[in-house]
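*Asks:* I would like the atomic coordinates for the input below:
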Amino acid sequence: MEKSKKKLGSSMRISVIIFTVLLALCLGTIGYMTFYRGMIQSYRDYEGAVLNLAISDLDWDSIDESIMANDEDEAFMTLQRRLNYIKSSTKISWIYMLKPLNTNDSDNMRYISTGITEQEYASYKERGLEPVHLGKMTGTEYPPSVAEQYLDFYNNSSQGEYWYYPNKTEWGYVYTTSLVVRNSKGKKLGVLSVDINMSEIEAAIRVYPLVILAASVIIAAIFIFLLTAWIHRRVIDPLGRLQQSAVDFVSKANGNDVESLSFENPEIHTQDEIETLSGALISMAAGTKDYMKKLLVETSERERISADLNVAAQIQDDMLPHIFPGFPERKDFTLFASMNPAKEVGGDFYDFFFLDESHIALVIADVSGKGVPAALFMVISKTIIKNRALSGSIPSPAQVLYDANNQLCEGNKAELFVTVWLGILDLKTGILTAANAGHEYPAIRQPGKAFELLKDKHGIALAVFEGAKYSDYTVQLEPGSTLFVYTDGVPEATDAKNELFELDRLTKALNLNPDADPPDLLPLVRKEVDSFVGEAPQFDDITMLSLKYWGNKAD
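*Replies:* The predicted structure is shown next:
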C-alpha cells in the first residue's frame with residue numbers, strides 16, 4: 001500500500017514539475033516574442049514618424065529641380081538643414097536620401113543628401129574628408145543584392161508605402177525604414193531612409209531570456225512546492241487513507257468472521273469527489289457485509305438442499321430397478337432401461353415386475369414439471385401403479401390406469417399429472433396387452449423388419465380428472481421381436497438452433513442396428529441424441545426401456 005502511495009505521489013510531483021517547466025518555457029517564449037515584436041514595432045513607428053517629419057512642409061518640386069541641376073541651391077540646403085536637424089535632435093543613427101540606379105557591383109546608387117551633426121562635420125574636416133554631397137556615387141557601399149532590393153522598392157512601391165528591413169552593415173546591425181519621396185506630380189525623386197542602431201535591442205534581447213529564466217525558476221519552484229503540497233493534502237493523503245481502509249477491509253473479508261468485518265472510516269472531509277467516493281465505499285462495505293451474511297446463510301442452505309437432493313436422487317434411483325439386464329436368469333426375454341434426469345432428481349420413471357411366472361408388467365411414465373415436486377409425484381405414481389397391478393389376479397392395464405388415476409386425483413392441489421404407458425406381456429404366448437395414458441407412441445420391431453411406431457389409442461394423462469376411461473389393445477410379439485418405449489425427452493431433445501430431435505430421427509436411430517439387443521440399443525439411441533444436441537443443455541429427463549422377446553427360441 002505504501003509503495004503504491006509513494007508511486008502515485010511521485011507521479012504527481014513529476015507531472016507537476018514537467019507541466020510547470022513546459023508552462024514556463026511556453027510563457028517565456030511568448031513573452032520573448034511579444035517583447036521582440038513590440039520593440040521592432042516601436043522602432044518602425046519611430047522611424048516612420050521621423051520620415052514623415054523629414055518630408056513634411058518641404059518644396060519637393062524645387063528640390064527636384066536642384067537634384068536635376070545637381071545644384072546645392074537654397075531649396076536643396078533647406079532639405080540638408082532639415083536632415084541635419086533631425087540627425088542632431090533624434091535617436092536615429094543615420095538619415096539619408098539616395099536614388100537607385102542599377103544593380104552593378106559599384107556606383108549602383110547616387111546620394112542626394114545625408115543628415116550630419118556638427119560633431120560629425122568637424123570630425124570629417126579633421127580627417128581631411130568631405131561629407132556626402134549631392135550627386136556622390138555610392139561606390140561599393142551597397143552590394144548588388146541590396147541595390148536590387150532598393151531598385152525594386154523604388155520602381156514598384158505605392159504612394160506612402162514603407163519598406164522595413166534589418167540590415168547588417170560595416171557600422172553594425174541596424175534597422176532601416178525607407179520611403180520613396182515624390183514631388184507634387186508624383187514623380188519619384190529618391191528613397192529616403194532612416195537607420196537605428198540595434199545594439200540597444202540586442203542588449204535587451206540578450207538580457208531578457210536570462211531575466212525570464214531566473215524568474216521562471218523562482219516562480220516554478222514556488223508553484224511546484226505549493227501545488228505538490230496542496231495535491232498531497234487534498235488528493236494523495238486522502239486517497240492513501242481510503243486505500244488503506246479498503247485493503248484492510250478486503251483482508252478481513254477473506255476470513256470467516258463476518259461479524260467483526262468493518263470498513264474503517266478514513267475521515268475524509270475534502271468536500272469533493274474524494275469525500276463522495278469515501279462515503280460510497282463505506283456504504284458499499286456495509287452492503288457487502290450484509291450480503292456476505294446472507295450469502296453464508298444461503299450457501300449453508302444450498303449445501304443442505306444439495307445434500308438433501310443427493311439423498312433424494314439416491315432414493316429415487318434406488319426405487320427404480322437397476323440390475324441389468326433385468327432378470328438375467330430368464331432366457332425368454334432380454335430387458336434393459338435407463339433414466340437421465342435433467343436436474344438432480346427427475347419426474348420420469350420406468351418399472352418392470354412379474355405378476356406371475358409368465359406375465360411381466362412394463363411401465364414407463366413422465367410426470368409434468370421438473371425437480372423435487374415432479375420427483376415426489378413420481379414416487380407416489382410409481383407406488384400406486386405397482387401396488388394396483390400386483391393386487392389380485394392378472395389385471396387389465398386399462399383398469400390399473402383407471403384406478404391409479406382416481407387415487408392420484410385425490411388432493412392434487414399442485415395440479416401435477418403423469419403420462420403413462422403400461423404393458424403386460426404374456427411370455428408364453430407373446431401377446432402384449434397395453435394401455436396408454438397420454439404417453440409417447442411405442443416402437444416395435446417384428447423379426448426381420450424395421451422398427452415402426454405403433455400409433456396406439458391415447459387416453460388422458462393420469463391425475464387430470466377423476467373417472468377417466470382407458471382402453472386396452474393387444475400386439476402379438478413374435479420370437480425375436482423388440483419393444484422400445486421412451487419419454488418425450490427423446491424426441492423433444494433440442495440442439496443449439498432450437499431444433500427438435502423428433503420421431504423421424506428416433507426411428508432412424510433405432511434402425512441403425514435393428515437387431516441390437518436392448519443393452520446395445522439404448523446406448524446407440526442416446527449417442528444419436530447427444531450427437532444431435534451437441535453442446536446445448538439438457539432441458540428434459542431422458543428415459544428409455546426396451547425388451548427383446550425370445551419366446552420358445554430360448555429353449
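*Asks:* What residue, apart from its backbone neighbours, is nearest residue 121 spatially?
*Replies:* residue 131 (6.2 Å; Cβ to Cβ, 6 or more residues apart in numbering). For glycine as for every other residue, the C-beta is placed from the backbone atoms N, C-alpha and C.
*Asks:* List the residues that contact that neighbour.
*Replies:* For residue 131, the contact set (Cβ atoms under 8 Å, 6 or more residues apart in numbering) comprises 114, 116, 120-121, 124.
*Asks:* same thing with residue 90?
*Replies:* Residues near residue 90 by Cβ under 8 Å, 6+ apart: residue 50.
*Asks:* can you tell me how far it sits from residue 83?
*Replies:* From residue 90 across to residue 83, the span is 11 Å (Cβ to Cβ, to the nearest Å).
*Asks:* just residue 459 next, same as before
*Replies:* 134 Å.
*Asks:* any idea which residue sits dead centre in this structure?
*Replies:* The residue lying closest to the centre of the chain (Cα atoms, centre = their mean) is residue 277, at 23.2 Å.
*Asks:* my guess is that one meets residue 245, correct?
*Replies:* No: using Cβ atoms under 8 Å, residue 277 is not in contact with residue 245; the gap is 11.4 Å.
*Asks:* And the nearest residue to residue 472 once chain neighbours are set aside, its phi and psi?
*Replies:* Excluding its sequence neighbours, the residue lying closest to residue 472 (Cβ to Cβ, 6+ apart) is residue 398, at 4.6 Å. Note on residue 398: its backbone torsions stand at phi -60, psi -40 [degrees, to the nearest 10].
*Asks:* Tell me how many other residues surround residue 398.
*Replies:* By the measure other Cβ atoms under 10 Å, the count of residues near residue 398 is 20.
*Asks:* ok, back up a step: filter the contacts of residue 131 down to just the buried residues.
*Replies:* In the contacts of residue 131, burial by neighbour count holds for 114, 116, counting by 16 or more other Cβ atoms under 10 Å.
*Asks:* I'd like the contacts of residue 131 written out as JSON lines, with distance to residue 497, secondary structure and pLDDT added.
*Replies:* Output for these, formatted as JSON lines (distance: Cβ to Cβ, whole Å; DSSP: H, G, I helix; E, B strand; the rest coil; pLDDT from 0 to 100):
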{"residue": "114", "distance to residue 497": "103", "secondary structure": "strand", "pLDDT": "93"}
{"residue": "116", "distance to residue 497": "106", "secondary structure": "coil", "pLDDT": "91"}
{"residue": "120", "distance to residue 497": "107", "secondary structure": "helix", "pLDDT": "86"}
{"residue": "121", "distance to residue 497": "111", "secondary structure": "helix", "pLDDT": "86"}
{"residue": "124", "distance to residue 497": "111", "secondary structure": "helix", "pLDDT": "84"}
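*Asks:* where do the strands sit along the stretch 301-450 of the chain?
*Replies:* 333-340, 348-356, 359-367, 418-426, 431-437, 443-445 (DSSP state E, counting those that start in this stretch).
*Asks:* okay, those strands in a markdown table with distance to residue 66 and mean pLDDT next?
*Replies:* Formatted as a markdown table, those follow (distance: least, Cβ to Cβ, whole Å; pLDDT from 0 to 100):
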| stretch | distance to residue 66 | mean pLDDT |
| --- | --- | --- |
| strand 333-340 | 127 | 93 |
| strand 348-356 | 131 | 93 |
| strand 359-367 | 131 | 95 |
| strand 418-426 | 134 | 97 |
| strand 431-437 | 139 | 97 |
| strand 443-445 | 135 | 97 |
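*Asks:* Could you point out which of the ones you listed sits nearest residue 194?
*Replies:* The minimum distance between residue 194 and the strands of the stretch 301-450 of the chain falls on strand 333-340, with 108.5 Å, by Cβ to Cβ.
*Asks:* ok, of the contacts of residue 131, which one's closest to residue 421?
*Replies:* Distances from residue 421 to the contacts of residue 131, taken by Cβ to Cβ, are shortest for residue 114, at 131.6 Å.
*Asks:* Show me the beta-bridge partners of the closest one.
*Replies:* residue 96 (DSSP bridges).
*Asks:* residue contacts, it?
*Replies:* Contacts here follow Cβ under 8 Å, 6+ apart; on that basis residue 114 touches 83, 94-97, 131-132.
*Asks:* where's it relative to residue 512, distance?
*Replies:* 121 Å.
*Asks:* Over to residue 39?
*Replies:* On the measure of Cβ to Cβ, residue 39 and residue 512 end up 102 Å apart.
*Asks:* circling back to that earlier point, and which of the contacts of residue 114 is nearest to residue 519?
*Replies:* Lowest distance from residue 519 to the contacts of residue 114 (Cβ to Cβ) belongs to residue 94, with 123.2 Å.
*Asks:* Nearest spatial neighbour of the closest one, chain-adjacent residues omitted?
*Replies:* Closest residue to residue 94 apart from its sequence neighbours, by Cβ to Cβ, 6+ apart: residue 195 at 4.3 Å.
*Asks:* Let me know the helix or strand that the one you found is in.
*Replies:* Applying DSSP states H and E as the criterion places residue 195 in strand 188-197.
*Asks:* Just list whatever residues bridge to residue 338.
*Replies:* Counting by DSSP bridges, the residues bridging with residue 338 are residue 544.
*Asks:* repeat for residue 432
*Replies:* Counting by DSSP bridges, residue 432 is bridged to residue 425, residue 475.
*Asks:* Tell me, how many residues neighbour it?
*Replies:* Counted with other Cβ under 10 Å, residue 432 comes out at 23.
*Asks:* Also residue 272?
*Replies:* Residue 272 is flanked by 12 other residues according to other Cβ under 10 Å.
*Asks:* do you know how far residue 240 is from residue 267?
*Replies:* In this view, residue 240 and residue 267 are 13 Å apart by Cβ to Cβ.
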